[in-house]
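> Turn this into a structure:
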Amino acid sequence: MNLFAEIRTTVVETLDAMVADGALPGGLSYGAVAVEPPRDPAHGDMATNAAMVLARPANIQPRQIAEALAARLMEDPQIASAVVAGPGFLNINLAPALWHDIVSEAIDAGPAFGHSGMGAGVKVNVEYVSANPTGPLHVGHTRGAVFGDALAKLLQSAGYEVTREYYINDGGAQVDVLARSAYERYREAHGQSPEIAEGLYPGDYLIAVGEALKEAYGDAFLDKGEDVWLETVREFATDAMMGLIREDLAALGITMDRYFSEKALYGSGRIEQAITLLDQKGLIYTGTLEPPKGKLPEDWEPREQTLFRSTAHGDDVDRPIKKSDGAWTYFAPDIAYHYDKIRRDYDELIDIFGADHGGYVKRMKAAVSALSDGSVPLDVKLTQLVRLYKDGAPFKMSKRAGTFVTLRDVVDMVGADVTRFVMLTRKNDAPLDFDFDKVAEQSKDNPVFYVQYAHARVKSALRKVEEAGLPISDHPKLEDAAEFAVARKIAEWPRLVEIAARNHEPHRVAFYLYELASEFHALWNRGNDNPALRFVQEDDPDATAAKIALPRAVAVVISAGLGILGVHPADEMR
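The predicted model follows:
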């Protein structure tokens, strides 16, 4: 039950009654009418802006609307009070029975509590990671991987049909560089000194690839030209790197539904098909681009190119799709890839890119808009940089990559659960500081610990109840303000799931869980001073049965929220 949606329905029905009675004019739109938690909990359980947004179209003072609305809402048994504040906001307090009901519902629904049918029937493709298959995933990829996977889980909780997809960039020059790098390790496996020239990949992870090449092909490629071995080694090394990447993702608990190869587009006619479609729409032409702003590169010269008129769909400049030598630019296969997604009948597309791809957003949106005639929205999310710290200083460990900290380095140090949670403690487009010392702290300043500790405390209380042979009930008895505060926060969960899913913002889940844990810990601590608030009262079985319901509901929500983040809830703290 989304209690906020239900109370909004009550507000709208009351407004309709006011229209029917002539207190408001007809034809008003309620689209901007919201019911949400007040900024200050002391002001009430909920607040609505109905009078504020309807005042101008109704040509009535907002306080006049608010006072009339408040009087009518007070006739509803669900509403304990409705008080006008400021110029016309309305603060609402609900009848205590509703908070008891929300706790009972959370327990009864279990893991399904908060799930929504908002996205029912909507197919969404979430493409994330999509790292070049040239080495292990680094810490920047880790953030994109966690964000994408959490977003996919969040959308599924809101009823969407989700496909997790990885686009393998195996059609560009970088895989030739990989092949040459692996060939040097192949020579090394034969006892020769590898020549890791500038521009090749120096990481030790390719040593195993060289040894595997030796085992598979013996000395067949030794002292041979690239024309003999390049294609074979490229495919062999790419497969090996994708195996490594799959292992890295598995270490984070991530499994993709589909891997799509860029290389498979070449020679298949699908690139030509997508470009032909754009041409038929009048969006392909031969022209010369304006010189780049600022200082011109030394090798820049005006030349005719085949261009996509992306400015017709919101881009800043038109984009080359074919080089002067007739080869496709890197943008052309990406157009074809997204056309393939559109043809797979997805209703929405989401791409998750690293911060260094910010300049690619508008052109990709333009391509999807043009290919789908604006019917398929593309949302591109950028994940900003991750800064690692240890012992108060930037952390630059690199065991095997040669130039960067790997995903496995981080997971091996702190575990997958901590890695995932911390990666979601900031909005995706904000830089994130990952402090190895901070995530090991057992304090309120460590959100991973703080949320896990709340769940563990609930499980501890339930074990005590079980050991004492006391009954439990799904029906709480809420009396103290701290108990109602926890119940109010539980009631926000279904609303939070829908808002976070609609805005593609899984970090909201992490923030919410921290707030819920804070309310719960505050209640727990009050029980230290006030025995009547303790969840386990061994001399009063009936009180225990009712008191334990609230923490059970807390555990349901924390478990559900951590499930979206891909984090396992803790039953006890070590």
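> starting at the chain centroid, how far to the helix or strand bottoming out on mean pLDDT in the chain?
Of all helical and strand segments in the chain, the minimum by mean pLDDT, DSSP states H and E falls on strand 393-394, at a mean of 88. Taking CA atoms, centre = their mean, to the nearest Å, one finds strand 393-394 lying 27 Å from the centre of the chain it belongs to.
> can you list contacts of that strand?
Identification of contacts with strand 393-394 by CB atoms under 8 Å, 6 or more residues apart in numbering yields 387-388. In short, each C-beta sits where N, CA and C put it, glycine included.
> ditto for stretch 323-340
Counting by CB under 8 Å, 6+ apart, 167, 171-172, 260, 262, 265-266, 270-271, 273-275, 277-278, 303-305, 308, 319-322, 349, 363-364, 367-368, 371, 378 sit against stretch 323-340.
> Show me what counts as buried in that stretch.
Neighbour counts over stretch 323-340 (16 or more other CB atoms under 10 Å) mark 328-329, 331-340 as buried.
> Would you check which pair of those lies furthest apart?
Farthest-apart pair in the buried residues of stretch 323-340 is T329 and D340; separation 17.9 Å (CB to CB).
> show me where the stretch 451-574 of the chain has helices.
Remark: helices assigned in the stretch 451-574 of the chain by DSSP state H, counting those that start in this stretch are 481-503, 507-529, 541-547, 549-565.
> got those as a markdown table, with mean neighbour count and distance to S157 columns?
Formatted as a markdown table, those follow (neighbours: other CB atoms under 10 Å; distance: least, CB to CB, whole Å):
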| stretch | mean neighbour count | distance to S157 |
| --- | --- | --- |
| helix 481-503 | 21 | 6 |
| helix 507-529 | 19 | 9 |
| helix 541-547 | 19 | 29 |
| helix 549-565 | 24 | 6 |
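> Just put those helices in a markdown table and tack on distance to V11 and mean pLDDT.
Converted to a markdown table, these look like this (distance: least, CB to CB, whole Å; pLDDT from 0 to 100):
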| stretch | distance to V11 | mean pLDDT |
| --- | --- | --- |
| helix 481-503 | 15 | 97 |
| helix 507-529 | 24 | 96 |
| helix 541-547 | 31 | 92 |
| helix 549-565 | 25 | 98 |
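> Can you tell me which of these is nearest to P37?
Closest to P37 of those, according to CB to CB: helix 481-503, at 6.3 Å.
> For that closest one, enumerate the helices and strands it packs against.
Of the remaining helices and strands, those touching helix 481-503 by 3 or more CB pairs under 8 Å, 6 or more residues apart in numbering; DSSP states H and E are helix 3-20, helix 96-109, helix 139-157, helix 507-529, helix 549-565.
> now the angle from it to helix 3-20?
Helix 481-503 and helix 3-20 are oriented at 80 degrees to each other (axes from the mean of the first three to the mean of the last three CA atoms, to 10 degrees).
> Could you save the helices and strands packed on helix 481-503 as CSV and add columns showing distance to A482?
Formatted as CSV, the helices and strands packed on helix 481-503 follow (distance: least, CB to CB, whole Å):
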stretch, distance to A482
helix 3-20, 19
helix 96-109, 12
helix 139-157, 28
helix 507-529, 4
helix 549-565, 10
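> Which one of these lies nearest to G86?
Nearest to G86, of all the helices and strands packed on helix 481-503, is helix 3-20, at 17.6 Å by CB to CB.
> What residues of the closest one count as buried?
For helix 3-20, the buried set under the neighbour-count rule, 16+ other CB under 10 Å, comprises 3-4, 7-8, 10-11, 14-15, 18.
> The least confident helix or strand of the chain: partners in the sheet, and parallel or antiparallel?
Strand 393-394 has the following sheet partners, assigned by DSSP bridges: strand 386-390 (antiparallel).
> just how off-centre is the partner strand within its chain?
21 Å.
> now the angle between helix 139-157 and it, please.
Between strand 386-390 and helix 139-157, the angle comes out at 120 degrees (the same axes, to 10 degrees).
> Tabulate the helices of the stretch 451-574 of the chain (JSON lines), appending distance to D445.
Listed next are the helices of the stretch 451-574 of the chain as JSON lines, based on distance: least, CB to CB, whole Å:
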{"stretch": "helix 481-503", "distance to D445": "20"}
{"stretch": "helix 507-529", "distance to D445": "11"}
{"stretch": "helix 541-547", "distance to D445": "29"}
{"stretch": "helix 549-565", "distance to D445": "19"}
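> Those: which one's closest to G354?
Between those, helix 507-529 lies closest to G354; by CB to CB that is 16.8 Å.
> from the chain's centre, how far out does that closest one sit?
Centroid separation for helix 507-529 versus its chain: 22 Å, with CA atoms, centre = their mean.
> for stretch 40-50, same thing?
The answer for stretch 40-50 is 29 Å, by CA atoms, centre = their mean.
> That one: which residues count as buried?
43-50.
> Which members of these are positioned in strands?
Using DSSP state E, the members of the buried residues of stretch 40-50 that fall in strands are 46-48.
> which residues sit in contact with F436?
Per CB under 8 Å, 6+ apart, neighbours of F436: 388-390, 395, 413-414.
> Give me the buried subset of those.
Burial by neighbour count, judged by 16+ other CB under 10 Å, picks out 388, 395, 413-414 from the contacts of F436.
> Check the spacing between the closest residue to A485 other than its chain neighbours and A456 real quick.
In space, and not counting its chain neighbours, A485 is closest to E519: 5.1 Å by CB to CB, 6 or more residues apart in numbering. In this view, E519 and A456 are 16 Å apart by CB to CB, to the nearest Å.
> same deal with P447?
From P447 to A456 the distance is 15 Å (CB to CB).
> And for A264, the neighbour number?
Other residues within reach of A264, judged by other CB atoms under 10 Å, total 15.
> between the buried residues of stretch 323-340, which is nearest G287?
Distance to G287, by CB to CB, is smallest for T329 among these, at 14.4 Å.
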